[in-house]
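[1] let me see the structure of the following:
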Amino acid sequence: MSKVVNLGRVRKDKERAARRRQADANSARFGETKADRQARQTREVRAREQLDGHRRDRDGSDQ
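    Okay, here's the model as predicted:
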């Protein structure tokens with residue numbers, strides 16, 4: 001004898017799996033954890049500040 005299957009549960013499980021696959025794809029494509037985002041922003045700020053610190057003035061008064 002075959003097993004009794006609840007078609008509503010099968011449909012919902014299938015939809016959940018599809019949503020999960022889409023979420024995983026979006027995470028890989030767009031996602032960045034909060035810690036990663038903050039670390040990247042910190043690196044960008046430090047690099048920008050370092051670059052600005054080494055910038056020469058255009059009027060020649062940097063001596």
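
[2] other residues contacting the helix or strand where residue 20 lies?
    Using DSSP states H and E, residue 20 maps to helix 7-30. Helix 7-30 is contacted from outside by no residue at all, using CB atoms under 8 Å, 6 or more residues apart in numbering. C-beta here means a position set from N, CA and C on the backbone, and glycine is covered the same way.

[3] list the buried residues of that helix.
    Neighbour counts over helix 7-30 (16 or more other CB atoms under 10 Å) mark no residue as buried.

[4] which SSE is immediately downstream of it?
    Criterion used, DSSP H and E; the element after helix 7-30 is helix 34-53.

[5] what's the average pLDDT for that following helix?
    Averaged across helix 34-53, pLDDT comes to 94.

[6] and it, what does it pack onto?
    Applying 3 or more CB pairs under 8 Å, 6 or more residues apart in numbering; DSSP states H and E, one finds that helix 34-53 contacts no other helix or strand.

[7] which residues are in contact with stretch 35-46?
    Outside stretch 35-46, the residues within contact range by CB under 8 Å, 6+ apart are residue 32.

[8] CA atoms only: put it into CSV for me.
    The C-alpha atoms that make up stretch 35-46 are tabulated as CSV, following Å, rounded to 0.1, in the frame of the first residue of the first chain:
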residue,chain,number,x,y,z
ALA,A,35,29.6,43.3,10.4
ASP,A,36,31.0,43.0,6.9
ARG,A,37,29.2,46.3,5.9
GLN,A,38,30.6,48.2,8.9
ALA,A,39,34.1,46.8,8.3
ARG,A,40,34.0,47.8,4.6
GLN,A,41,32.7,51.3,5.5
THR,A,42,35.5,51.7,8.1
ARG,A,43,38.1,50.7,5.5
GLU,A,44,36.7,53.1,3.0
VAL,A,45,36.7,56.0,5.5
ARG,A,46,40.3,55.2,6.6
